[in-house]
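# Fold the following and give me the result.
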Amino acid sequence: MDSAIVAALITTPTAVLAAAGAYAAGRAQARAAHRGPVDAIRRQHQREAYATLVAEVAKFENKLFRAHIATISPRMRHQRNDILATEDGEALVFAVAAVRLEGPAHLADLAHRIELASNHLYGAVLELQHTEDPSAASPAIRMFEERHNTLKDGAKTFVEAASAHLNGTSGRH
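Residues are numbered from 1 along each chain as shown. Reported below is the predicted structural model:
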């Protein structure tokens with residue numbers, strides 16, 4: 001066999017492999033160039049959703065704490081219905097929904113837990129409001145305190161996990 005033909009037969013597979021590798025690298029670069037701006041926008045939406053949830057939890061928790069204080073202060077009992085007659089609970093639900101949509105799954109789960117804790121805390125405040133006998137309020141006050149702490153702990157856990165996710169220090173993405 002002619003040496004030129006042998007050389008061509010030996011170098012052809014190498015050239016095909018090199019071309020395939022270059023093609024794959026080019027596609028990966030193109031995907032990265034396209035995904036970079038998309039990922040940056042998604043990250044911004046996640047950051048906004050997470051910040052909104054944290055702010056709404058704080059507002060809701062503050063409002064329910066004021067309602068709790070109003071229920072244990074006899075001179076403020078007449079104001080108790082006005083304290084809860086706001087849209088903070090609705091804003092919290094929408095903030096949770098945004099986080100559940102933006103994800104990732106472990107943060108969506110934490111947001112859902114915050115929503116459940118806020119519902120339980122709201123129920124504890126309603127129970128306190130319907131306790132007319134101050135001596136019977138002690139179990140209801142303990143229940144409020146437990147649920148209040150659960151909501152605060154849930155918010156703290158969410159903040160830590162969201163921060164880790166946004167800063168890339170989490171194992172989950």
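# okay, now Gln29: neighbour count?
By the criterion of other CB atoms under 10 Å, Gln29 has 10 neighbours. To be clear about C-beta, it is placed using only N, CA and C from the backbone, and glycine gets the same treatment.
# Mind telling me what element it is part of?
Using DSSP states H and E, Gln29 sits in helix 3-72.
# try Leu116
Assessed by DSSP H and E, Leu116 sits inside helix 105-129.
# Name the surrounding residues that touch that helix.
Residues from elsewhere that reach helix 105-129 (CB atoms under 8 Å, 6 or more residues apart in numbering): 50, 53, 57, 60-61, 64, 67-68, 71-72, 80-81, 84, 89, 92-93, 96, 99-102, 137, 140-141, 143-144, 147-148, 150-151, 154-155, 157-158, 161-162, 165, 172.
# Show me what counts as buried in it.
For helix 105-129, burial by neighbour count (16 or more other CB atoms under 10 Å) applies to 106-108, 110-111, 113-115, 117-118, 120-122, 124-129.
# try stretch 157-168
Using 16+ other CB under 10 Å as the test for burial, stretch 157-168 gives Phe158, Val159, Ala161, Ala162, His165.
# what bits of the protein have low per-residue confidence?
Residue ranges of the chain with pLDDT under 70: 1-26, 28, 30-36, 38, 72-88, 132-137, 170-173.
# Show me what the very next helix or strand once past the helix holding Leu116 is packed up against.
Proceeding N to C from helix 105-129, the next assigned helix or strand is helix 137-166, under DSSP H and E. Judged by 3 or more CB pairs under 8 Å, 6 or more residues apart in numbering; DSSP states H and E, the packing partners of helix 137-166 are helix 3-72, helix 105-129.
# Quick check, Glu102 in contact with Gln44.
No. Using CB atoms under 8 Å, Glu102 is not in contact with Gln44, being 10.3 Å away.
# quick one on the thing from earlier: I'd like the buried residues of stretch 157-168 written out as a markdown table, with distance to Pro37 added.
Output for the buried residues of stretch 157-168, formatted as a markdown table (distance: CB to CB, whole Å):
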| residue | distance to Pro37 |
| --- | --- |
| Phe158 | 27 |
| Val159 | 27 |
| Ala161 | 26 |
| Ala162 | 22 |
| His165 | 20 |
